[in-house]
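K.L.:
My questions concern the predicted model and sequence given below.
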Amino acid sequence: MGNSTPAALRLRAAVRRHERSIGDVLARYGATNPRLFGSVARGDARDGSDIDVLVDLIPGAGNELLRVAGLSEELTDLLGTRVDVVTELLLRDEVSATVLADAVAV
C-alpha cells in the first residue's frame, strides 16, 4: 500500500495496534475470518472514513443481526472510529463481488 492515504494508514495502524482485543471481541460474538474491505483496504480512506469489516459467523451462536450490531458497536468503541461489520449473507449479490475483491485479512 505504497500509495495509501494518511487516513488509511492511520486506520490500518489502529487495527494492528488492537489486534488482540479485536480477536477477543470477535470470539465473544462467535465471529471468525475478519477481513477489511472498502476504502481502508484499498488505501483511499479519507478523514471521517469508517472501517468496513467482513466476518464469518459461527452458525448457531445466536441471532446474526444482533451479533453483527454488537460487533460493530464494540469495535467502534475499541477503535474510536465507526466500524461497519457485515457477513457475506448480508451483502447484496452485486456488492458482494466488489467487497470480496477488496478484502484484506486482518
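P.N.:
Nice, I can see it.
K.L.:
quick one, helices of the chain?
P.N.:
6-17, 19-28, 39-42, 64-79, 93-102 (DSSP state H).
K.L.:
Serialize those helices to a markdown table and add fields for mean neighbour count.
P.N.:
For glycine as for every other residue, the C-beta is placed from the backbone atoms N, C-alpha and C. As requested, the helices of the chain are arranged in a markdown table below (neighbours: other Cβ atoms under 10 Å):
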| stretch | mean neighbour count |
| --- | --- |
| helix 6-17 | 16 |
| helix 19-28 | 14 |
| helix 39-42 | 22 |
| helix 64-79 | 17 |
| helix 93-102 | 12 |
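K.L.:
how much space between the closest residue to Val106 other than its chain neighbours and Gly48?
P.N.:
Setting aside the residues directly before and after it, Val106 is nearest to Pro34 in space (Cβ to Cβ, 6 or more residues apart in numbering), at 4.1 Å. Using Cβ to Cβ, to the nearest Å, Pro34 is found at 22 Å from Gly48.
K.L.:
Give the residue from these two that has the larger number of neighbours.
P.N.:
Pro34 (22 against 8; other Cβ atoms under 10 Å).
K.L.:
Now tell me which helix or strand of the protein has the poorest mean pLDDT.
P.N.:
helix 93-102 (a mean of 63; mean pLDDT, DSSP states H and E).
K.L.:
coming back round to it: lowest average confidence across the helices of the chain, which one?
P.N.:
Of all those, helix 93-102 carries the lowest average pLDDT, namely a mean of 63.
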